[in-house]
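Q: curious how this folds, go ahead:
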Amino acid sequence: MMIKKELNFKYKYSRAEEQMSETIELPEFEVAEENTAVEFKNFNFYYGTKQVLFDISMRIPKNSITAVIGPSGCGKSTLLRSINRMNDTISGARADGSVVVSGTDIYSDKIDLIELRTKVGMIFQRPTAFPMSIFDNVAYGPRIHKMPLTKDELTDLVHWALDRVGLLNELGDNLDKSGTELSGGQQQRLCIARAIAVFPEIILFDEPTSNLDPISANRVEKLIVELSRDYTVVIVTHSLSQAARIADQTAFFYNGHLIEYDWSANIFERPKHPQTEAYINGRFG
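A: Alright, predicted model coming up:
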């Protein structure tokens, strides 16, 4: 991973000025066990009798951005929701194989789902600001999880989270304003602030910019890159250019199968699998 961070592909905002020559040979894409945040092992997923994920085995590295791409209905969102077991809310959903997060198989009968979803935050396609004040939106998680904070400590935490997503300066002293009154882009960043206020290890993003204007989307993308320094990020996106811009590595799915998983530079410039090349070049999807 240190080699990857030094190269930092030309797609990455943080080093966009350092254009990487296409002639450079990248190291083979491998994720060491000690650098793994999430590992899928022979994972299969079903909705009733319909199988939607087939024998998925992959490792997602810590403190990086992994993009999941593929045409509609290929299993991207199912894979994402498998990491915090949000699929459990769907009648008839079941899985076999394992998903290991921080050394624990989260499909074990003994897993605490509340603890898991604190550790694995999620940002949805449409901003989900709660109909309460901006302050209370961010304080919601610490309060329901009964984090042992004084009033001043909670205030400091809320301010820290809002500052981290660039909202504190924008909003000033207007934290009593309802979160639903913010613009779409601001609401999405408010949701990110709410997620990081409970100190997750992993943040999942499901099409987080698809409903935003280009300026707001650009700001959220840059924020995601910044967050990847401290959190493991997994993002599902239909935007190939978005995946190319911000992801360290990209996984291409088709019909529930993992077709190719590699450095983003390889996926978008020199894919190994013909199906990946066809999708990247717009021949289907």
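
Q: would you map the strands across the stretch 1-150 of the chain?
A: 36-47, 50-61, 65-69, 93-101, 104-105, 120-123 (DSSP state E, counting those that start in this stretch).

Q: what about the helices in the stretch 101-250 of the chain?
A: All helices of the stretch 101-250 of the chain, identified by DSSP state H, counting those that start in this stretch, fall at 113-119, 134-144, 151-164, 168-171, 184-196, 214-227, 240-246.

Q: residue contacts, residue 231?
A: Contacts of residue 231 were listed using Cβ atoms under 8 Å, 6 or more residues apart in numbering, and they are 63, 196, 200, 201, 202, 203. Backbone N, C-alpha and C define where each C-beta goes, glycine included.

Q: show me the contacts for the fourth one.
A: If a contact means Cβ under 8 Å, 6+ apart, then residue 201 has 37, 101, 102, 119, 120, 231, 232 as its contacts.

Q: per-residue pLDDT, the residue nearest to the last one when sequence neighbours are not counted?
A: Put plainly, it is residue 232. Leaving out its chain neighbours, the residue that sits closest to residue 232 by Cβ to Cβ, 6 or more residues apart in numbering is residue 37, at 3.9 Å. Note for residue 37: predicted pLDDT of 97.

Q: quick one: residue 37 and residue 233 touch, right?
A: No: look at residue 37 against residue 233 with Cβ atoms under 8 Å: they stay out of range, at 9.6 Å.

Q: identify the contacts common to the two.
A: Shared contacts of residue 37 and residue 233, counting by Cβ under 8 Å, 6+ apart, come down to residue 202.

Q: so who does the residue nearest to residue 232 touch?
A: Applying Cβ under 8 Å, 6+ apart to residue 37 gives the contacts 60, 61, 62, 63, 101, 102, 201, 202, 232.

Q: do the same with residue 121
A: Residues in contact with residue 121, defined by Cβ under 8 Å, 6+ apart, are 195, 196, 198, 200, 202, 203, 204.

Q: just the buried residues of the residues you listed.
A: Buried members of the contacts of residue 121, counted by 16 or more other Cβ atoms under 10 Å: 195, 196, 198, 200, 202, 203, 204.

Q: got a markdown table for these, with pLDDT and distance to residue 92 too?
A: As requested, the buried ones among the contacts of residue 121 are exported to a markdown table (pLDDT from 0 to 100; distance: Cβ to Cβ, whole Å):
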| residue | pLDDT | distance to residue 92 |
| --- | --- | --- |
| 195 | 97 | 28 |
| 196 | 97 | 33 |
| 198 | 96 | 30 |
| 200 | 97 | 28 |
| 202 | 98 | 26 |
| 203 | 98 | 28 |
| 204 | 98 | 22 |
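
Q: turn those residues into a markdown table, including distance to residue 51.
A: Listed next are these as a markdown table, based on distance: Cβ to Cβ, whole Å:
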| residue | distance to residue 51 |
| --- | --- |
| 195 | 31 |
| 196 | 35 |
| 198 | 34 |
| 200 | 30 |
| 202 | 25 |
| 203 | 28 |
| 204 | 22 |
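
Q: from these, which land in strands?
A: Among the buried ones among the contacts of residue 121, the members found in strands (DSSP state E) are 202, 203, 204.

Q: and which of the residues you listed is nearest residue 177?
A: Nearest to residue 177 among these, counting by Cβ to Cβ, is residue 203 at 24.9 Å.

Q: nearest to residue 85 among the contacts of residue 201?
A: For the contacts of residue 201, the residue nearest residue 85 by Cβ to Cβ is residue 120; the value is 8.7 Å.

Q: is it true that that closest one touches residue 204?
A: Yes: if you go by Cβ under 8 Å, residue 120 and residue 204 touch, sitting 6.5 Å apart.

Q: what is in contact with these two at once?
A: Taking Cβ under 8 Å, 6+ apart as the criterion, residue 120 and residue 204 both touch 83, 84.

Q: from the strands of the stretch 1-150 of the chain, which stretch is densest packed?
A: With neighbours defined as mean count of other Cβ atoms under 10 Å, the strands of the stretch 1-150 of the chain peak in mean count at strand 65-69, which reaches a mean of 27.

Q: and of the helices of the stretch 101-250 of the chain, who's closest to residue 68?
A: Nearest to residue 68 among the helices of the stretch 101-250 of the chain is helix 240-246 (8.4 Å), distances taken as Cβ to Cβ.

Q: who touches the closest one?
A: Helix 240-246 is contacted from outside by 11-13, 65, 67, 69, 209, 221, 224-225, 235, 237, 250, 264, 267-268, 280, using Cβ under 8 Å, 6+ apart.
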